[in-house]
Structures are given as structure tokens and as C-alpha cells.
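[1] Would you be able to build a 3D model of this:
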Amino acid sequence: MNIRDIKLPLRRPLFIAAVILGKAPVVDAVCAKKHGANLLELRLDQFKSLKLDYLTRTITEIKRKTHLSLIATLRHRSEEKFLPRRHQLSEDTRLKILSEILPLVEMAAVQVDDDGRA
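    Sure, this is the predicted structure:
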């Protein structure tokens, strides 16, 4: 069943987001689109590499194969589900990666602490 086949009494467009983790991001993105997603959140901190060339290639391929809007998320290491053993990033590096890939995605999710710092 395709989730887009479900009829809901909405007055606004329905956005169906799928979270894409790192094991097979391109395959997962294509599968999510096939099952009705029309928005993808890329959890970059779950990807196997945070090297810019890998991220650029992967994001570009996802865009080419799905033509969907993308949200990039690179969670702060203090967030509960961040995997510190996988990626040890300084805050400056995290924000640099997000700023470098921003032209490739429609949105980026950035955690802000209580003091308003990213």
C-alpha cells in the first residue's frame, strides 16, 4: 500500500517525511519515495562517513534518483541518540559541514541550546 492512497480530510498539502539513516541511504531514499514519502530527512550523523566528498556524492545521488526535497540533520553530540563512537565532531566542524552541504538540500535542522547558540 502506498501511503499517498490514504484519503484524509485536509485543507493543506500532506507531507510525508521519511528519515534516512546511514546504512544504505540512496537505496532507502528510493524505497521511501516508492512507498509515498515526499520529503526526506537525511540524518547525516548516522551516515558511515562525514567527509564532504562522500556527503556531496550521496546527497547528489539521492536528489537525482528521487527528486524530493531534503532536510539535512547533523545532530549535536549532546542529543540523546547521537552516536559519539561513530563521529567525534567539534561544534565548529558540525556547523561547517552543514554550511557546506546547505546548497544541496532545501533545509537544515540545527539544534539550538537554551542560550540560543547552535
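[2] ok now stretch 102-109, how far from the chain's centre?
    The chain centroid and the centroid of stretch 102-109 are separated by 9 Å under C-alpha atoms, centre = their mean, to the nearest Å.
[3] Show residues contacting it.
    41-42, 56, 59-60, 63, 69-74, 98, 101 (C-beta atoms under 8 Å, 6 or more residues apart in numbering). (C-beta placed from N, C-alpha, C; glycine too.)
[4] Show me which of the residues you listed has the smallest pLDDT value.
    Among the contacts of stretch 102-109, Leu74 has the lowest pLDDT, at 87.
[5] Measure how buried that residue is and give me the count.
    25 (other C-beta atoms under 10 Å).
[6] okay, the contacts of stretch 102-109 in a markdown table with distance to Val19 next?
    Converted to a markdown table, these look like this (distance: C-beta to C-beta, whole Å):
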| residue | distance to Val19 |
| --- | --- |
| Glu41 | 5 |
| Leu42 | 8 |
| Thr56 | 20 |
| Ile59 | 15 |
| Thr60 | 19 |
| Lys63 | 17 |
| Ser69 | 14 |
| Leu70 | 12 |
| Ile71 | 9 |
| Ala72 | 12 |
| Thr73 | 9 |
| Leu74 | 13 |
| Leu98 | 17 |
| Ile101 | 17 |
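[7] Weed out the non-buried ones from these.
    Glu41, Leu42, Ile59, Lys63, Leu70, Ile71, Ala72, Thr73, Leu74, Leu98, Ile101 (16 or more other C-beta atoms under 10 Å).
[8] Among those residues, which are located in strands?
    Counting by DSSP state E, those place Glu41, Leu42, Leu70, Ile71, Ala72, Thr73 in strands.
[9] who touches the residue positioned nearest the centre of the chain in this structure?
    Residue closest to the mean C-alpha point of the chain, counted by C-alpha atoms, centre = their mean, is Leu42 at 1.5 Å. Applying C-beta under 8 Å, 6+ apart to Leu42 gives the contacts Ile20, Pro25, Ile59, Ile62, Leu70, Ile71, Ala72, Thr73, Val105.
[10] Lovely, talk soon.
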